[in-house]
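Visitor: I would like to see how this sequence folds:
(one chain, ligands or ions: 1)
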Amino acid sequence: MEIHQARFTVLAGGVGAAKFVDGLARVVDPAHLTVIGNTADDIERHGLWISPDLDTMMYTLAGIADPERGWGIAGDTFQALAELRRWGTAAWFQIGDRDLATHLIRTTLRREGRSLTEITERLCRHLFVRTRILPVTDDVIWTEVSTPEGWMHFQEFFVRRACAPEILGVAYRGAERSAPAREVLVALREADVVFIAPSNPVASIGPILSVPGVRETLADLRAPRIAICPLIGGRSLKGPSDRMMRALGFESSVPGVAKFYRRLIDGLVFDRTDAAAQDAVRDAGIEPEITDTLMSSVEQKMNLARTALRVAERMHGHKHRHSRQESIRC
Ligand code: FO1
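Guide: Numbers count the residues shown, from 1 in each chain. Purely as a prediction, here's the structure:
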């Protein structure tokens, strides 16, 4: 595999994924990257259609994401939101004034009958983002969390309730009736390498895998499939990945992530803190790779991307030899 000509496809959630892809886009040609984004965090607020994970990826790659929050636009103001509050509206989902423009454009185009794929492409072009960002589906899917208070939309749980309620279960609503967006399966089949970004396995990658055809296509790929573990020392840096994993019966650990992605990945990159998990990962038939997975600086993002690429190169040779041996044996 010639790394400079290779095509990469990344399954991605929000902030962690955007940092990883940002690093990757600085070490390979961004035009050779395709992101398949989670849309199950999407929500309708104040009559607007909001796609938080697609926007976080788009703003990050455009270099305008807020560096502290990770989502929204840097330096944005919240005057419209303040006015909505003065009207007595439940404005718990913070939409910045510049961010508002994105949601207005998306909602208008949706009403005109445009697909989310087409809308995302137009928004990316407007922001000069060269990486292709594909929503996993053009259909409406959404994650709900079961809590002692009942089922709630993921954003109600995550933002409104600050992840406080106990998690009893998770459901991907609408997924079984959905279809992958036009170019999603092709982007998987034509990739030389597929990465699973360091995103919440349950809330971000789970919905992508639940769209009919995606899991099956990923499982059958010959190209190396490498995941980056979002947990360090069994804990999520931000967000409820660890608690969501446990709620679904998985350990919140590197071996737990390996089990979650069983048969879907060939390599797993994880933090030095978890070096002791190497044997367990190898026993699961997955190639382990230890590095620093914290992405607080551009250098750290680029280093993680370079490590992931090195694993991909190694696995590419390995899988290639293996498949040749298989065909010789046949
Ligand atoms: N996250 C928050 O914690 N609070 C918010 O008010 C909030 C608003 C918001 C608006 C637009 C957007 O694109 C993202 C936003 N996010 C907010 C982030 C988002 O809820 C999550 O980071 C993702 O859904 C999880 O991947």
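
Visitor: show me what contacts Gly14?
Guide: Asn38, Asp41, Pro52, Asp53, Thr56, Met57, Gly70, Trp71, Ser199, Ser204 (Cβ atoms under 8 Å, 6 or more residues apart in numbering). C-beta here means a position set from N, CA and C on the backbone, and glycine is covered the same way.

Visitor: switch the cut-off to 6 Å
Guide: If you count contacts by Cβ atoms under 6 Å, 6 or more residues apart in numbering, Gly14 has them with Asp53, Thr56.

Visitor: and it, what's its pLDDT?
Guide: For Gly14, the pLDDT comes out at 95.

Visitor: quick one: contacts of stretch 194-202?
Guide: Taking Cβ under 6 Å, 6+ apart as the rule, stretch 194-202 contacts 9-13, 16-17, 20, 170, 205, 223, 225-228, 230, 239, 241, 244, 248, 260.

Visitor: I meant stretch 42-54, not that one.
Guide: By Cβ under 6 Å, 6+ apart, the surrounding residues in contact with stretch 42-54 are 13-14, 37-38, 41, 93, 103, 106-107, 110, 120, 135, 155.

Visitor: how close does whatever residue of the stretch 151-300 of the chain ends up closest to the ligand sit to Ala179?
Guide: For the stretch 151-300 of the chain and the ligand, the shortest gap (Cβ to the nearest ligand atom) falls at Val159, measuring 4.1 Å. Distance, Val159 to Ala179, using Cβ to Cβ, to the nearest Å: 29 Å.

Visitor: so which of these two has more stuff around it?
Guide: Between Val159 and Ala179, counted using other Cβ atoms under 10 Å, Val159 has the larger neighbour count: 16 against 13.

Visitor: quick one on the thing from earlier: in helices only, show me the contacts of stretch 194-202.
Guide: Judged by DSSP state H, the contacts of stretch 194-202 include Gly16, Ala17, Phe20, Ser241, Met244, Phe260 as members of helices.

Visitor: for the residues you listed, which one is nearest Leu33?
Guide: Among the ones in helices among the contacts of stretch 194-202, Phe20 lies closest to Leu33 (Cβ to Cβ), at 10.8 Å.

Visitor: pull the number of nearby residues for Glu44.
Guide: Neighbours of Glu44 under the rule other Cβ under 10 Å: 13.

Visitor: quick one: it is in a helix?
Guide: No - judged by DSSP: H, G, I helix; E, B strand; the rest coil, Glu44 forms no part of a helix; its state is strand.

Visitor: what's opposite it in the beta bridge?
Guide: Trp49 (DSSP bridges).

Visitor: so for it, what's the pLDDT?
Guide: Looking at Glu44, its pLDDT is 97.

Visitor: could you pull up phi and psi at the residue in the stretch 1-150 of the chain that the ligand sits nearest to?
Guide: Nearest residue of the stretch 1-150 of the chain to the ligand: Gly14, at 2.7 Å (Cβ to the nearest ligand atom). Recorded main-chain torsions at Gly14 are phi -100, psi -110, according to degrees, to the nearest 10.

Visitor: no further questions, thank you.
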